[in-house]
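Student: predicted model and sequence below, questions to follow.
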Amino acid sequence: MSGKKRSFIAVRFSEEMVSALDDLLSRLKKSFGPRAKVKWVKPDNIHLTLQFLGDVDVPVLEEMSAFLKEAFCDIPPFEVRLSGLGAFPTPRKPKVVWVGIKNGVLELKAISEAVFKVTEAFGFERERRPFKPHVTLGRVRDPRKSFGVSEGLEKTGEAEAGSCQIDMVHLVASELTPAGPIYTTLDSFPLGR
């Protein structure tokens, strides 16, 4: 198979966690109000990106998959807890609304490091900023029109989305459509095996 696929490497969450995140999204939408121009992530698309790859030749993705299968053998499955809300770069000038990671940060950093070791060998550059695990919930369409975002974050308060076990890393293709991205898992890599 030839061609290119827009792709990234990520971890995904249990159905229970996705349901809790859907509830959190509903609360945020109410708190932010209709004037906040936020494009919310569809619950089924929620994930934690380890590395965005961009448009990659399919044969390269297939070869990279073989190396990713071995990359996580020494990292056992672990639990993450999603808790706390914030915005990048700041709540007063938001571009991205996120929920934070309370448990599992060190393990996610270890997975991220294993990903970078593989992708660097294929010529992909490591992200320059330090890896700060978070889960994107929405993107502010126009930061100049971010009415209600910082107030909405305060109103929502401390967000708890629960815990779940992470036991896989996924290579995902992203097809951009007018209705939003469509994600397709190309391959999955178990932890600790």
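Tutor: Great, that's in hand.

Student: show me the strands in this protein, by range?
Tutor: Remark: strands assigned in the chain by DSSP state E are 4-11, 38-40, 48-57, 78-90, 93-103, 134-140, 160-166, 168-175, 182-190.

Student: dump those strands into CSV; add mean pLDDT and distance to residue 22 as well.
Tutor: Yep, even glycine has a C-beta here, placed from its N, CA and C like the rest. Formatted as CSV, the strands of the chain follow (pLDDT from 0 to 100; distance: least, CB to CB, whole Å):
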stretch, mean pLDDT, distance to residue 22
strand 4-11, 97, 18
strand 38-40, 90, 10
strand 48-57, 96, 16
strand 78-90, 91, 13
strand 93-103, 91, 12
strand 134-140, 93, 10
strand 160-166, 91, 10
strand 168-175, 97, 20
strand 182-190, 96, 16
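
Student: among the ones you listed, which is nearest residue 69?
Tutor: Evaluated over the strands of the chain, closeness to residue 69 peaks at strand 182-190, with 5.5 Å, by CB to CB.

Student: now for that closest one, which elements pack on it?
Tutor: Strand 182-190 is packed against helix 58-71, strand 168-175, with contacts defined by 3 or more CB pairs under 8 Å, 6 or more residues apart in numbering; DSSP states H and E.

Student: so of these, which one's packed in deepest?
Tutor: strand 168-175 (a mean of 19; mean count of other CB atoms under 10 Å).

Student: any idea of the angle it forms with strand 182-190?
Tutor: Orientation check (axes from the mean of the first three to the mean of the last three CA atoms, to 10 degrees): strand 168-175 against strand 182-190 gives 160 degrees.

Student: quick check: angle from strand 168-175 to strand 48-57?
Tutor: Going by the same axes, to 10 degrees, strand 168-175 makes 50 degrees with strand 48-57.

Student: run through the neighbouring helices and strands of strand 168-175.
Tutor: strand 4-11, helix 58-71, strand 182-190.

Student: direction included, what does the first one pair against?
Tutor: Using DSSP bridges, the strands paired with strand 4-11 in its sheet are strand 48-57 (antiparallel), strand 168-175 (antiparallel).
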